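J.: Provided below are the primary sequence and the corresponding predicted coordinates.
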Amino acid sequence: NAGVIQTPRHKVTGKGQEATLWCEPISGHSAVFWYRQTIVQGLEFLTYFRNQAPIDDSGMPKERFSAQMPNQSHSTLKIQSTQPQDSAVYLCASSLDWGVNTLYFGAGTRLSVL
Amino acid sequence: GQQVQQSPASLVLQEGENAELQCNFSTSLNSMQWFYQRPGGSLVSLFYNPSGTKHSGRLTSTTVIKERRSSLHISSSQTTDSGTYLCALDITNAYKVIFGKGTHLHVLP
């Protein structure tokens, strides 16, 4: 069990460019979460998938952020027209199911928007 | 208002001292978890503790749902305990897990 895998570990983009972040949840886990972590805001919930279906994206900035889970083995978070305020560590987590199990986090992707 | 509040925000201990970290919440929940994060590192689950008391080595977690609080006790602290401790709530009737801002612990040798 390799745990939750996130790639890339670091990404640097210029303002206005697109960034795509990848997450491979633990095999057999049906719940996948995306969070954003900054020093000021702490850990902010972005979105949640259950059995690949988007369940709650209430934390996603609507205009430029989108998340998908095309199959059970990976999820992507895409940020269009990145802005400096998007700079953060983006964390993906998975669990066996929602509500009753421990969350397992990936190492995160540090996004820096210049 | 903020649904999860952790205290203290930061704590400095001398090695060997004990620590009591608090997490208070203002909403009903399905479960409570405690996580540890080393500076620059990812989150590692310490306890999944929806209610009652759980022990793991020098760590003890106690959650009292009706009082809407959970605590993490660290006994005989070590320098390797330094980092951030976060509590997370799995909120009833909402498909999300929300986190407190964390307690930043620094244990001096």
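T.: That came through, no problem.
J.: now the strands for chain A?
T.: Secondary structure of chain A (DSSP state E): strands located at A:5-7, A:10-13, A:19-24, A:31-38, A:42-50, A:53-56, A:65-71, A:74-79, A:88-95, A:104-105, A:109-113.
J.: okay, the angle between the longest one and strand A:65-71?
T.: The reference is to strand A:42-50. 40 degrees (axes from the mean of the first three to the mean of the last three C-alpha atoms, to 10 degrees).
J.: Quick one: work out the angle between strand A:42-50 and strand A:74-79.
T.: Using the same axes, to 10 degrees, strand A:42-50 lies at 130 degrees relative to strand A:74-79.
J.: ditto for the third one
T.: With the same axes, to 10 degrees applied, the angle from strand A:19-24 to strand A:74-79 works out at 160 degrees.
J.: so does strand A:19-24 get close to chain B?
T.: No - Strand A:19-24 does not reach chain B (C-beta under 8 Å from any C-beta of the partner chain); its nearest approach is 12.3 Å. Using the backbone N, CA and C atoms, a C-beta is placed for each residue, glycine as well.
J.: how close does residue B:18 sit to chain A?
T.: 25 Å (C-beta to the nearest C-beta, to the nearest Å).
J.: residues contacting that residue?
T.: The contact partners of residue B:18, by C-beta atoms under 8 Å, 6 or more residues apart in numbering or on different chains, come to B:73, B:74, B:75, B:76, B:77.
J.: could I get the strands of chain A as a markdown table with mean pLDDT and mean neighbour count?
T.: Below are the strands of chain A laid out as a markdown table (pLDDT from 0 to 100; neighbours: other C-beta atoms under 10 Å in any protein chain shown):
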| stretch | mean pLDDT | mean neighbour count |
| --- | --- | --- |
| strand A:5-7 | 97 | 17 |
| strand A:10-13 | 96 | 15 |
| strand A:19-24 | 98 | 20 |
| strand A:31-38 | 94 | 23 |
| strand A:42-50 | 92 | 21 |
| strand A:53-56 | 90 | 15 |
| strand A:65-71 | 95 | 15 |
| strand A:74-79 | 97 | 19 |
| strand A:88-95 | 95 | 24 |
| strand A:104-105 | 93 | 21 |
| strand A:109-113 | 97 | 18 |
